[in-house]
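Undergrad: With the sequence up front, the predicted model follows.
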Amino acid sequence: MSINLKNLIPVLDAKWIGSDADVFVDHISIDSRSLQNGSKTLFFALTGVNNNAHLFIPELIEKGVQNFVVQYIPENCNGKANFLVVKNTLKALQEFAGYYRDLFDFPIIGITGSNGKTIVKEWLNFLLSPDYNIIRSPKSYNSQVGVPLSVIAINEKHNLGIFEAGISTVNEMSKLENIIKPTIGVLTNIGSAHDEGFENLEQKIKEKLLLFKKSKVVVYQKNALIDKCLIQFSAENHLNDRKLFSWSFTDKSADVFILKKENKTTFTHIEYQYKGETFDLEIPFQDSASIENAISCLLVLLYFKYDFDTVQSRMEMLYPVEMRLEVKNGINNCSIIDDSYSSDFQSLKIALDFLESQKKNASKTVILSDIFQSGFSNEELYTKVAQLITDNKVNRVIGIGATISSFAAKFSNITTFQNTAEFISKIESLSFNNETILIKGARSFQFEEIVSLLEEKTHETVLEINLDSISHNLNFFKAKLNPGVKIMVMVKAFGYGNGGLEIAKLLEHHKVDYLGVAFADEGISLKNGGIKSPIMVLNPESTSFPSIIQYQLEPEIYSIKGLNAFLKIARERNLKDFPIHIKLDTGMHRLGFEENTIDELIATLKGNSTVRIQSILSHMATSDEMKHYEFALSQINLFEKLSSKLISELNINPIRHILNTSGISNFPDAQYNMVRLGIGLYGVSNDPSEQKYLENVSTLKSIISQIRTIPAGDSVGYGRRFMAEKETKIATIPIGYADGISRLWGNEIGYVVIKNQKAFILGSVCMDMLMVDVSEIDCKEGDSVIIFGESPTVIEIAAALKTIPYEILTSISQRVKRVFFR
Ligand SMILES: *Cc1c(COP(=O)(O)O)cnc(C)c1O
């Protein structure tokens, strides 16, 4: 890409503020963290309800970025870079993408529907790639932001595009249509996903069909309502020569009629009728969603007039699609990003950004296979790849494959191998340790073998943490705050059991104002992990004051004794204005200065310059229980009174804060200058009407170790607490009370979920294992088991065990491996 900014001014309806606009850019970015940002980058400063990329502009200018699309010019930036000022930067990004799309004229497949978009896109890419240079949206980039970014990656070498478009409410699709302008439309299916955003099914279908406004053909599963909408749509838009290309299991009038669908042991046999002839097809899947997705792909191949042998031979090679980049713990303290299913230039760029944002170790390694279907000559391609690797400051590259090996000279730090087997035979000598490793290769290289060798072998239980859901929940609560109110996020107790450092890193990226931990140790390990945000320590012991000072942590001071002890150490070190936080006891009666100690507190602090009162806080005992509403108000009133007294008598201007998660929801008038978010970040609310807007963050998963069937009269587990009344099929799961599963959850009170079905726990939970009833579930050893997550939820488990979700989350033992993903 090479774009002259001069031409963009009218396209974006922008005001140019800067030097001569005759400047070329070749890279578009919205991610301030990307190491790919440089002097040829055009940075779009997007603003969400809570995220404002304008804040990063000074940093980016320092890093050499010169050109920005903004809604306003941030303070002190005028004259330091070029600015295209627009009303709305997201709209500008979309308009830019639409303009850019029009520079190219080749067939583009647009995919939408409720499910299966990403799979159909990946499969079509696989099926068509032997014959085309394809540009496709990476992963599931299908949103208002993802679609423009995908389209902007088109270059002059491509000759087919495959993009997906996802919407959650009305008026979104026409914007996406304007960017993708697909010439071939694929509607995967219409399910109930995102139904909230639409009045009814018909409205939802009509909205989705807007993607196909200019499509010459629409592929879909025949259905009376869709037919009606499509015909109406074609008439309204005068699309007389548009082809409707449908398939069906039941309706013979469809263009492709599926005569027979037979599940075999490892595949499905399909017989279909097309143009009066009958053909066979084998698909290596058995579940109905995969079969429907494969048939959508079949229709596209038929539309492209492939012969039936080619269709058959390619379709039987379809493979499971990995939907996300996963971060895994590796051997020797490495961490691994597994992207072992694709290799193309665009997805490499994305994976490198992900590597930078996720790296736990300073040293970065990329294991990369030959790259296919770029359209560029190998010479051009590997020059670009080597440059990209350099820009991303990758410490070492391992190239696997004949082609990348032959271009080794282009890379400054590469070790090459002819194929995966040769690499594996030498893996010991490469001594991987303390590095973050991106494993990225085309399917044919079978890099999953490398992943399994480099992955740390622990037992099969993991706690999966969805970082995107954390961001979502953070934004949900931020949206409740009055302008200017700061946010402290509590990451105590290892991020409520979810992993302190990883979550703190994400929060730092979201620019939360403060982090809160319970003990100094927790703060020290965050600082050692590179966290720069201010950290308040709720419960500092006097013995930890020296390390609090050394690590620049900020203590909560809750007693005169503690204050004097801290002052003594601080004076010995000649500190000035060291930030401390004054905790007031307004009724919780846990920690804090009581009303009758305030005068002494004031006397001690008056005229003092050793410490600075950074904030005054208190904690509510009943913010989650409306039956104690009056008590809660009395706490807020006392907080107002005592903090005001401190402020006026000491003549200070501290941050004041009293609300925790449920306080944010229930006492919006008491936000003061900051709130302290805890459990809500991790997806739990005390209010069911609010709960539905939060996303589940943690999923505790395991696998089935063994399955057996026992006859009536036999028992299961210690103390024979389960006696089988009939023949019972049981599965053993390697997780027990030492992992944090309460014994009270055993004996058929609790259950796990296997293949979307409940399997009740039989007998007592053991230390490292539990047994469940799978009599009615079609499952096998090695199958995945959900202990909690979407279902059962921690809220449900807590209710059954007469405790609170906090205890369930924080009880999960540290021996359970944490896996973070987006
Ligand atoms: C844990 C804690 C919070 C956060 O509480 P949630 O109910 O999880 O939001 C806030 N303030 C203090 C003092 C805490 O100890």
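TA: Cool, got the structure.
Undergrad: what about the closest residue to the ligand within the stretch 451-600 of the chain, neighbour count?
TA: In the stretch 451-600 of the chain, no residue comes nearer to the ligand than Met490, which is 4.3 Å away by C-beta to the nearest ligand atom. Backbone N, C-alpha and C define where each C-beta goes, glycine included. Met490 has 23 neighbouring residues, counting by other C-beta atoms under 10 Å.
Undergrad: Then the one 5 residues further on?
TA: The burial metric for Gly495, expressed as a neighbour count using other C-beta under 10 Å, is 30.
Undergrad: any idea which helix or strand carries it?
TA: Assigned by DSSP states H and E, Gly495 belongs to helix 492-496.
Undergrad: Residues contacting that helix, please?
TA: 490, 500, 502-504, 516-519, 522, 538, 678-679, 681-682, 806, 809-810, 814 (C-beta atoms under 8 Å, 6 or more residues apart in numbering).
Undergrad: Let me see the mean pLDDT of it.
TA: Summarised as a single mean, pLDDT over helix 492-496 is 92.
Undergrad: Can you point out the buried residues in that helix?
TA: 492-496 (16 or more other C-beta atoms under 10 Å).
Undergrad: Same question for stretch 744-759.
TA: In stretch 744-759, counting by 16+ other C-beta under 10 Å, buried: 745-747, 750-754, 759.
Undergrad: Also stretch 805-822?
TA: 805-806, 808-810, 812, 816, 818-822.
Undergrad: do the same with stretch 401-421
TA: Applying 16+ other C-beta under 10 Å to stretch 401-421 flags 401, 404-405, 407, 410-411, 414-417, 420 as buried.
Undergrad: One more: stretch 363-382?
TA: So, applying 16+ other C-beta under 10 Å, buried residues of stretch 363-382: 364-376, 381-382.
Undergrad: related to what we said a few turns ago, taking the buried residues of stretch 401-421 together, which two end up most distant?
TA: The largest separation in these, counting by C-beta to C-beta, is between Lys410 and Thr420 at 21.3 Å.
Undergrad: residues from the protein in reach of the ligand?
TA: With C-beta under 6 Å from any ligand atom as the criterion, the chain meets the ligand at residues 490, 538, 619, 660-662, 676-680.
Undergrad: Now restrict those residues to buried residues only.
TA: Applying 16+ other C-beta under 10 Å to the residues of the chain next to the ligand flags 490, 538, 619, 660-662, 676-680 as buried.
Undergrad: Which of those residues sits closest to Ser288?
TA: Gly680 (37.2 Å).
Undergrad: before we move on, the earlier item: dump the buried ones among the residues of the chain next to the ligand to TSV, plus distance to Gly529.
TA: Below are these laid out as TSV (distance: C-beta to C-beta, whole Å):
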residue	distance to Gly529
Met490	17
Leu538	19
His619	27
Asn660	25
Thr661	25
Ser662	29
Arg676	21
Leu677	21
Gly678	20
Ile679	23
Gly680	24
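Undergrad: For those residues, could you give me CSV that also reports distance to Asn329 and secondary structure?
TA: Shown next, in CSV, are these (distance: C-beta to C-beta, whole Å; DSSP: H, G, I helix; E, B strand; the rest coil):
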residue, distance to Asn329, secondary structure
Met490, 25, strand
Leu538, 29, coil
His619, 35, coil
Asn660, 32, coil
Thr661, 30, helix
Ser662, 34, helix
Arg676, 31, strand
Leu677, 28, strand
Gly678, 26, coil
Ile679, 26, helix
Gly680, 28, helix
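Undergrad: got a list of what the residue in the chain that the ligand sits nearest to touches?
TA: At 2.1 Å from the ligand, Gly678 is the closest residue in the chain, using C-beta to the nearest ligand atom. Gly678 makes contacts with 489-490, 492, 496, 660-661, as judged by C-beta under 8 Å, 6+ apart.
Undergrad: what do you get for Pro579?
TA: 534, 554, 611-612, 614.
Undergrad: same question, His509
TA: By C-beta under 8 Å, 6+ apart, the contact list for His509 reads 33, 357.
Undergrad: so how many other residues sit close to Thr709?
TA: Neighbours of Thr709 (other C-beta under 10 Å): 12.
Undergrad: That one is in what secondary structure piece?
TA: strand 706-710.
Undergrad: Could you tell me which residues make contact with Asn155?
TA: With contacts defined as C-beta under 8 Å, 6+ apart, the neighbours of Asn155 are 1, 135, 375.
Undergrad: Can you report phi and psi for it?
TA: Backbone torsions of Asn155, given as degrees, to the nearest 10, read phi -130, psi 180.
Undergrad: Next one: it relative to Lys384, how far apart?
TA: Distance of Asn155 to Lys384, given as C-beta to C-beta, to the nearest Å: 10 Å.
Undergrad: domain ranges for the protein?
TA: Domain assignment for the chain, taken from automatic domain parsing, gives 3-89, 104-315, 326-454, 465-682, 698-821.
Undergrad: Quick one: end-to-end distance for the longest one.
TA: Using C-alpha to C-alpha, to the nearest Å, the span of domain 465-682 from its first residue to its last is 9 Å.
Undergrad: Now the closest residue to Leu744 other than its chain neighbours. Its backbone dihedrals?
TA: The spatially closest residue to Leu744, leaving aside those adjacent along the chain, is Leu801, at 5.0 Å (C-beta to C-beta, 6 or more residues apart in numbering). Phi and psi for Leu801, reported as degrees, to the nearest 10, are phi -100, psi 10.
Undergrad: residues in contact with Leu801?
TA: 742, 744-745, 808.
Undergrad: just for the stretch 651-800 of the chain, where's the confidence low?
TA: Along the stretch 651-800 of the chain, segments meeting pLDDT under 70 are nowhere present.
Undergrad: can you map out the helices along it?
TA: Along the stretch 651-800 of the chain, the segments classed as helices by DSSP state H, counting those that start in this stretch run 661-666, 688-691, 794-800.
Undergrad: same question, the stretch 51-200 of the chain
TA: So, for the stretch 51-200 of the chain - with DSSP H, counting those that start in this stretch - the helices run 57-62, 89-101, 117-128, 146-151, 173-180.
Undergrad: Dump those to CSV, plus mean pLDDT and distance to Leu388.
TA: CSV is the format used below for the helices of the stretch 51-200 of the chain (pLDDT from 0 to 100; distance: least, C-beta to C-beta, whole Å):
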stretch, mean pLDDT, distance to Leu388
helix 57-62, 94, 19
helix 89-101, 96, 20
helix 117-128, 92, 21
helix 146-151, 92, 16
helix 173-180, 94, 25
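Undergrad: With mean neighbour count added, can I get these in CSV?
TA: Putting the helices of the stretch 51-200 of the chain into CSV (neighbours: other C-beta atoms under 10 Å) gives the following:
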stretch, mean neighbour count
helix 57-62, 16
helix 89-101, 21
helix 117-128, 24
helix 146-151, 25
helix 173-180, 22
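Undergrad: if I read this right, Asn229 contacts Glu202, doesn't it?
TA: Careful, residue 229 is Cys and not Asn. Yes: using C-beta atoms under 8 Å, Cys229 makes contact with Glu202 at a distance of 6.7 Å.
Undergrad: More neighbours: which of those two?
TA: Cys229 (21 against 13).
Undergrad: Can you tell me the closest non-neighbouring residue to that one?
TA: Ile205 (4.9 Å).
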